[in-house]
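Visitor: okay, here's the prediction I keep looking at, along with the sequence it came from:
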Amino acid sequence: MSANTNAAGSPDRPSGGHAHDASGTVAPAERGTTVIPERVVARIAARVASTTLRRRIDPRSDLAAPGARATTHGGRAQLALTVDLPYPADIADTCRQLQREVADRVTRLTGLEVRDVTLTIRRLATVGGPVRVQ
């Protein structure tokens, strides 16, 4: 005679105590979460910012690599970037586009909702050769 119980280790609930679906995999609500360290989110943001800026200007220009910090909590991220911007350029438009693209791509790559991207402009770098004032 066999008893059908729902205790951990039983046919209905294999060891580990997690509910399994018909295929034997752990139910989505019981799988847990993936934690991405803040330093990894920051590196992703810096890479996205660099790629975005390089697309807008000559990739051989003298822009230093962006610096980034990230703070994550509850599935959300706040980013702070320090960047060189090309000059001459529409600085306000460049900043808006950079913030929007970094937020969108970091959200897609990490699954974190990016609500805030703060920019600090380290310097303006002349692109397209030296500019001379006469």
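Guide: All right, it came through fine. Residues are numbered from 1 along each chain as shown.
Visitor: secondary structure element for the residue nearest in space to the middle of the chain?
Guide: For the chain, the residue lying nearest the average C-alpha position, counting by Cα atoms, centre = their mean, turns out to be Val106 (2.7 Å). Applying DSSP states H and E as the criterion places Val106 in helix 91-110.
Visitor: what is the neighbour count of the nearest residue to Ala46 once chain neighbours are set aside?
Guide: Of all residues not flanking Ala46 in the chain, Ala68 sits nearest, at 4.0 Å (Cβ to Cβ, 6 or more residues apart in numbering). Any C-beta I mention is one placed from the backbone N, CA and C, and that applies to glycine too. Neighbour count of Ala68, defined by other Cβ atoms under 10 Å: 24.
Visitor: and the angle from the longest strand seen in the chain to helix 91-110?
Guide: Counting by DSSP state E, the longest strand found in the chain is strand 113-126. Per axes from the mean of the first three to the mean of the last three Cα atoms, to 10 degrees, the angle that strand 113-126 makes with helix 91-110 is 140 degrees.
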